[in-house]
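1. model this:
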Amino acid sequence: MKKVIILLLLLCLGNTSFATEFLFLKVSPSSQFNGMGSVGNSLPTNDVFGFYYNPAQLGNFAKNNNFGFQFYPQKTDWQKDLGPELNNFGMSVGYKPENSLFSFGFGFLHSHFDYGTFDYTNEFGTKDEKIIGPTYSYQAFSLGINYDWIIDFNAGVTFKNIKGKNLLLNYNEFFIPQDTVKLKTQTFDFGILATIPFGKISSKSYDGKYFLNASLGFSVRNLGGSVKYPDKEESELMPRTSVLGYSLVGGYEGEINGETFDFVKLSWSVDAEDDLTKKVVVVTDGKSTLKEEYQNILANTNPWKNIILAEGSSKIIRHLGFKVELFETFSFMKGSLDGDGFDGRKTIGFGFSSKGISKYLYSKDENEIFEFLSQDVELKYFHSSFFDGSDIESKFNGVSLVLKNIF
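-> Down below sits the predicted model:
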């Protein structure tokens, strides 16, 4: 029965538009951000996959980091038993010239969506077929820049090379596809991200300081790009979106053995993702046809409703995320998605970082090894559950290595 359900899903995919088939472009790759409702557009991060959400994140990465690599230790079963497997790996490189206010970043991300191979038997049990399901992939190349003077400003752009193969066409009387097609196209993203530091306030009761930063982010994903099926007259559109949001990051820092630690760090983020494709009825020679077209950027976004009140709508997916970090070592994430059919879907996750432990070891014993580990290396692991507790729950695991001060 599971294979029949999977096959029916594939048949549905084969009859929808290219934009619908390539909705995998909207699947969030970061295990960390997937625990936070797949925010990431406006929350500054050194996550290697951060530029997927906003290319400007590469400028922020480059300000303090030189190299990062992230991968999935195992493939993700997207939406449990519905069939496709998702796998991602990527890298980011950052460079800040000495005595410069500018930093420059480069990023690469490979994403692969695979439906595998299926055996199918019809309802009479007389027709056996083996179907190779479709696969989708893209390679993303991104550039980002940071300018750090009073307001921390970032901008970036990403180019995506997108491919699909074994896309199913021309079903026979048994609903078995008889033909496949390979298609490819290109799109690009751009984004900006600005962070306003409100400074630090010394605690009257403890030997430490409170800090607070606010950020605004805006990005547009999958600009350009369309593709034409052999059996269709018009080109199909890609899932273009624009995202607008804000983030607040605050906490408390203090010292242990002369080493400064963020004892507690809290992050809150809200992003409004606007679907910029729509269907319109076109009448030609008395005949009505349904056609897809793009909308203007932020065409459906209501800042008060979608961002301030954090509500979704039929054309807006509201992403909301919250994260608690303790002693730069442990993280707990929680989030939700609302609008455009998501109806308050929940996400949750946790993570570990080597940063806090290595800094503590160095504060106790200032040898060269602990100094290198505390100042130049950060190893992180995140686990998250997307659509937590539902029948289409997806679990993500990600490992990343970030290096600093190597050039």
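2. Next, count neighbours for Tyr147.
-> 17 (other CB atoms under 10 Å). No exception for glycine: its C-beta is placed from N, CA and C like everyone else's.
3. From Pro44, how far off is the residue nearest to it when sequence neighbours are not counted?
-> Nearest residue to Tyr147, sequence neighbours excluded (CB to CB, 6 or more residues apart in numbering): Phe153, at 4.8 Å. According to CB to CB, to the nearest Å, Phe153 stands 11 Å off from Pro44.
4. Pull up the overlap in contacts between those two.
-> Leu193 (CB atoms under 8 Å, 6 or more residues apart in numbering).
5. and these two? which has more neighbours close in?
-> Pro44 (26 against 18).
6. before we move on, back to that, quick one: which helix or strand includes the residue nearest to Tyr147?
-> strand 151-171 (DSSP states H and E).
7. how distant is that strand from the center of its chain?
-> Relative to its chain's centre, strand 151-171 lies at 12 Å (CA atoms, centre = their mean, to the nearest Å).
8. May I have the strands that pair with it, each with its orientation?
-> strand 135-149 (antiparallel), strand 177-202 (antiparallel) (DSSP bridges).
9. Can you lay out those strands as JSON lines showing distance to Phe322?
-> Output for the strands paired with strand 151-171, formatted as JSON lines (distance: least, CB to CB, whole Å):
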{"stretch": "strand 135-149", "distance to Phe322": "25"}
{"stretch": "strand 177-202", "distance to Phe322": "18"}
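10. which residues touch Ser358?
-> Contacts of Ser358 by CB under 8 Å, 6+ apart are Phe370, Leu373, Ser374, Val377.
11. give the contact list for the residue lying closest to the last one once chain neighbours are set aside.
-> Meaning Val377. Excluding its sequence neighbours, the residue lying closest to Val377 (CB to CB, 6+ apart) is Leu403, at 6.1 Å. Counting by CB under 8 Å, 6+ apart, Leu403 touches Asn65, Asn66, Phe67, Gly68, Asp376, Val377.
12. what about the third one, distance to Val377?
-> Using CB to CB, Phe67 is found at 10 Å from Val377.
13. what do the two both touch?
-> By CB under 8 Å, 6+ apart, the residues touching both Phe67 and Val377 are Val402, Leu403.
14. Any stretches of this protein with poor pLDDT?
-> For the chain, the stretches with pLDDT under 70 are 1-21, 80-83, 118-131, 166-180, 204-205, 229-234, 280-286, 288-290.
15. where along it do the helices fall?
-> 2-14, 18-21, 31-34, 50-53, 57-64, 355-364, 368-376 (DSSP state H).
16. hey, C-alpha coordinates of the third one in CSV?
-> Listed in CSV are the C-alpha atoms of helix 31-34, where the atom choice follows Å, rounded to 0.1, in the frame of the first residue of the first chain:
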residue,chain,number,x,y,z
SER,A,31,19.0,21.4,10.5
GLN,A,32,19.4,24.4,12.9
PHE,A,33,16.8,26.6,11.2
ASN,A,34,14.5,23.7,10.6
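17. elements contacting that helix?
-> Contacts defined by 3 or more CB pairs under 8 Å, 6 or more residues apart in numbering; DSSP states H and E place helix 31-34 against strand 345-353, strand 377-386, strand 394-403.
18. I figured Gly356 hits Phe327, correct?
-> Yes. With contact defined as CB atoms under 8 Å, Gly356 reaches Phe327; the gap is 4.5 Å.
19. Those two: who's more crowded?
-> Remark: of Gly356 and Phe327, Gly356 carries more neighbours, 21 against 17, as counted by other CB under 10 Å.
20. burial of Thr98, as a residue count?
-> You called it Thr, but residue 98 is Glu. Glu98: 4 surrounding residues under other CB under 10 Å.
21. Ramachandran coordinates for it?
-> When read as degrees, to the nearest 10, the backbone of Glu98 gives phi -60, psi 130.
22. re earlier: ok, which of the strands paired with strand 151-171 comes nearest Phe22?
-> strand 135-149 (6.4 Å; CB to CB).
23. Okay, buried residues for that closest one please.
-> Residues of strand 135-149 classed as buried: Thr135, Tyr136, Ser137, Tyr138, Ala140, Ser142, Leu143, Gly144, Ile145, Asn146, Tyr147, Asp148 (neighbour count, 16 or more other CB atoms under 10 Å).
24. just the residues you listed now: which is nearest Trp78?
-> Distances from Trp78 to the buried residues of strand 135-149, taken by CB to CB, are shortest for Tyr136, at 11.2 Å.
25. Isn't the closest one up against Asn87?
-> No. Shown here, Tyr136 and Asn87 do not form a contact pair, counting by CB under 8 Å, at 11.5 Å.
26. Find the residues that touch each one of these two.
-> By CB under 8 Å, 6+ apart, the residues touching both Tyr136 and Asn87 are His112, Asp114.
27. So for Phe386, which of the strands paired with strand 151-171 sits nearest?
-> Across those, closest to Phe386 is strand 135-149 (CB to CB), at 18.2 Å.
28. circling back: export the contacts of Ser358 as TSV, with columns for distance to Val243 and neighbour count.
-> Listed next are the contacts of Ser358 as TSV, based on distance: CB to CB, whole Å; neighbours: other CB atoms under 10 Å:
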residue	distance to Val243	neighbour count
Phe370	40	17
Leu373	36	18
Ser374	35	21
Val377	32	16
